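In: Show me how the following folds:
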Amino acid sequence: GRSSTLGRYNPLRFHLDKRNGPVMTNPRPNLTIPSSNTNFWISEENKAAMDRIDARSRNGQNMNVLICGPKGCGKTTMVREFAARRKRPFFEVHCGTCLDAEQWFGKDRLTNQQTQYQKARFVDALETQNAVILLDELNRSHPEVLGAILGLLDWRRSIWNDDLGYQVNVAPGVCFFATINEGEDYFGTNPLDAALRDRFSRILEAGYPPFENEIQLLINTGISNEWAEKLTAYANTLRTANMPIMISTRQLIAAGEELSDGASLRHALETTLLNGLLDPSQRKLALEALQWLETNPFTSDLRKLPL
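Out: This next block holds a predicted model:
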């Protein structure tokens, strides 16, 4: 569907000429409401939790939600769907790109031989009523960078910024979501500061869809029911092995797309999974499972390959 827009809560926007003071600029476009992906799967428990979060937020309660779970299970999309299905404007911050604390609010830019301060789009989102603000991969920012927004996440819901020259207030109904990947497999991440983690009063666990739901997601790529069942059984076998290989739903969908485009099963799994496995034992297991699929009859009731 076509994206919608919502009016601003605090429309103040300006740039700062270091010699002549604040200069008003034309307003930037409002945040948009994302389109919903009707094929996206969310567990019934998380649907109910998000309904409660939405209701409390609209009734004036500050809501900060942390979403954790394995790679490629749809954590980011889950937040987009929260905004889309509830007609809320959406803004996403890629936290790994935030290298400086001042970057949250704006930065100096040279225009026409004048230094002008450009307000960050993040501030627009803060000032948009009922906005959903996603801090994606929160723990890829340095703790000192994240410390700059603590006042926005607690009861104060505001912070003074010298460069803007005014106090930034979080608009009514704004919901903060953050996603994280934690563990030794994720390089470039930082442990979350206890004070920051404590500001997220709700923690939701995302996961891979149940067997039947994952099959349906793969059918949506254009492959047959049989191919979808084979891929799902393949993934389930590796995920539940003694040394698990956590194949993501994202990888499975990519494999389904390769099959839909005419690739062989081997080529589809090589390009989306096998070529990225660096551990020799994991690669050996994944190849054994592939060889079983290539050489043995498959029945629809087989949810785990008998390796």
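
In: Grab the nearest non-local neighbour of residue 169.
Out: residue 158 (4.5 Å; Cβ to Cβ, 6 or more residues apart in numbering). C-beta: built from backbone N, CA, C; applies to glycine.

In: Could I get the contacting residues of that neighbour?
Out: Residues near residue 158 by Cβ atoms under 8 Å, 6 or more residues apart in numbering: 151, 152, 167, 168, 169, 170.

In: what's the helix or strand for residue 252?
Out: Secondary structure assignment for residue 252, by DSSP states H and E: helix 249-260.

In: just how off-centre is whichever helix or strand comes after that helix within its chain?
Out: The helix or strand immediately downstream of helix 249-260 is helix 265-272, counting by DSSP H and E. Computed by Cα atoms, centre = their mean, to the nearest Å, the separation of helix 265-272 from the middle of its chain amounts to 26 Å.

In: Now tell me what touches helix 265-272 from outside.
Out: In contact with helix 265-272 (Cβ under 8 Å, 6+ apart) are residues 227, 230, 234, 251-252, 254-256, 258-259, 263, 286, 290, 293-294.

In: Quick check: helices, which of the contacts of residue 158 are part of them?
Out: 151, 152 (DSSP state H).

In: May I see the PyMOL selection of the buried members of the contacts of residue 158?
Out: Buried residues among the contacts of residue 158 (16 or more other Cβ atoms under 10 Å), as a PyMOL selection:
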select buried, resi 151+152+168+169+170
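
In: JSON lines for the contacts of residue 158, including pLDDT and distance to residue 118?
Out: Output for the contacts of residue 158, formatted as JSON lines (pLDDT from 0 to 100; distance: Cβ to Cβ, whole Å):
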{"residue": "151", "pLDDT": "95", "distance to residue 118": "22"}
{"residue": "152", "pLDDT": "96", "distance to residue 118": "19"}
{"residue": "167", "pLDDT": "95", "distance to residue 118": "19"}
{"residue": "168", "pLDDT": "95", "distance to residue 118": "15"}
{"residue": "169", "pLDDT": "96", "distance to residue 118": "20"}
{"residue": "170", "pLDDT": "97", "distance to residue 118": "21"}
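
In: Among the contacts of residue 158, which one sits closest to residue 34?
Out: Set against residue 34, the nearest of those by Cβ to Cβ is residue 170 (20.4 Å).

In: how near is that closest one to residue 157?
Out: 4 Å (Cβ to Cβ, to the nearest Å).

In: The protein: helices as residue ranges?
Out: Using DSSP H, helices in the chain cover 44-58, 75-85, 121-126, 143-146, 150-153, 194-198, 211-219, 225-239, 249-260, 265-272, 280-295.

In: can you put those in JSON lines and add distance to residue 68?
Out: Listed next are the helices of the chain as JSON lines, based on distance: least, Cβ to Cβ, whole Å:
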{"stretch": "helix 44-58", "distance to residue 68": "12"}
{"stretch": "helix 75-85", "distance to residue 68": "7"}
{"stretch": "helix 121-126", "distance to residue 68": "23"}
{"stretch": "helix 143-146", "distance to residue 68": "16"}
{"stretch": "helix 150-153", "distance to residue 68": "17"}
{"stretch": "helix 194-198", "distance to residue 68": "11"}
{"stretch": "helix 211-219", "distance to residue 68": "20"}
{"stretch": "helix 225-239", "distance to residue 68": "17"}
{"stretch": "helix 249-260", "distance to residue 68": "16"}
{"stretch": "helix 265-272", "distance to residue 68": "24"}
{"stretch": "helix 280-295", "distance to residue 68": "23"}
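
In: do you know how far the residue nearest the centre of the chain is from residue 92?
Out: Centroid-nearest residue in the chain, with Cα atoms, centre = their mean: residue 76, separated by 1.8 Å. As defined by Cβ to Cβ, residue 76 lies at a distance of 8 Å from residue 92.

In: what residues do these two have in common as contacts?
Out: 134, 136.
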